[in-house]
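> Next come a sequence and a model predicted from it.
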Amino acid sequence: MIRQATPADAPPIARLIILAMGSLAERFANSTDPQVVIDLFELFAGQTDNQYSYQNALVWEDETGICGMILAYDGAMLDELRNPFLSYIRNKLGFKGVPEDETQSGEYYIDCLAVRPDKQGKGIAKQLINALIAKADELGHKTVGLLVSNPLAKKLYLSIGFEEKNRVTLLGGQHDHLQKKLH
């Protein structure tokens, strides 16, 4: 079942964000200590008004718990949502990076999508993407976009009707910028 996330979902959301980000999560935490990384994303997943907040997440849940998560927000709000996180990691964890803008006004931006490894290959990611597209449409957005570097993920998005727009650099990594126009 897909539902809006709640504050109590912060621990599994954090682990799924870390799964989606890979080594980028360690860069943000300025640490390779898994507990430091988990603590950082649990903190922000459980709070409001930031890009990693439960407010921006839909979760896929079954009898085993939360198995997948998609996190998205209005691209026009990137700075407002990103600033609390960047301020914290700079002041508390010594992060020195300057992330490029990954989205912009006019785009409902998929920041993270992840499915637990034991539940992958069962269509959960596709269900989450479709639920997110429906939510974006209900909110009046005309375009959904994301950055992707994983070839399998890119193939999934393209199969749902996303189109490649350009290549983008984010903290030194190259990503394909994909978008889907809504009705």
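Thanks, I have it.

> Do you know the pLDDT at Ala57?
On pLDDT, Ala57 comes in at 98.

> swap in Lys122?
We note a pLDDT of 95 for Lys122 in this prediction.

> what does Ser53 give?
The predicted local confidence for Ser53 is 98.

> I'd like to know how far it sits from Ala29.
17 Å (CB to CB, to the nearest Å). Placement of C-beta: from N, CA and C, glycine included.

> again with Lys96
13 Å.

> Mind checking which of these two has more residues around it?
Comparing Lys96 with Ala29 by other CB atoms under 10 Å, the one with more neighbours is Ala29, at 23 against 8.

> what's the neighbour count on Lys126?
Lys126: 14 surrounding residues under other CB under 10 Å.

> So what does it look like in phi/psi?
The phi/psi pair for Lys126 (degrees, to the nearest 10) reads phi -60, psi -40.

> any idea how far Asp101 is from it?
In this structure, Lys126 and Asp101 are 28 Å apart, going by CB to CB.

> Show me where this structure has its strands.
2-4, 57-62, 65-74, 108-115, 143-148, 163-170, 173-181 (DSSP state E).

> For the first one, which outside residues touch it?
Yep, that's strand 2-4 we're talking about. Outside strand 2-4, the residues that touch it by CB atoms under 8 Å, 6 or more residues apart in numbering are Ala57, Leu58, Val59, Trp60, Glu61, Gln127, Leu128, Ala131.

> buried sites along the lowest-mean-pLDDT helix or strand in the chain?
When the helices and strands of the chain are scored by mean pLDDT, DSSP states H and E, strand 163-170 comes last with a mean of 88. By 16 or more other CB atoms under 10 Å, the buried positions in strand 163-170 come out as Val168.

> What residues are bridge-paired with the residue nearest to the spatial centre of the chain?
By CA atoms, centre = their mean, the chain has its centre lying nearest to Cys112, at 1.8 Å. On the basis of DSSP bridges, Cys112 is bridged to Leu71.

> Hmm, it is touching Ile18, no?
No: taking CB atoms under 8 Å as the definition, Cys112 is not a contact partner of Ile18, at 9.3 Å.

> which residues does Ile70 contact?
Counting by CB under 8 Å, 6+ apart, Ile70 touches Ala57, Leu58, Ile110, Cys112, Leu113, Leu128, Ile129, Ala131, Leu132.

> now do 7 Å
Neighbour list for Ile70: Ala57, Leu58, Ile110, Leu113, Leu128, Ile129, Leu132 [criterion: CB atoms under 7 Å, 6 or more residues apart in numbering].

> With adjacent residues omitted, what lies nearest to Val148?
Spatially, and ignoring its direct neighbours in sequence, Val148 is nearest to Lys154 (4.8 Å; CB to CB, 6 or more residues apart in numbering).
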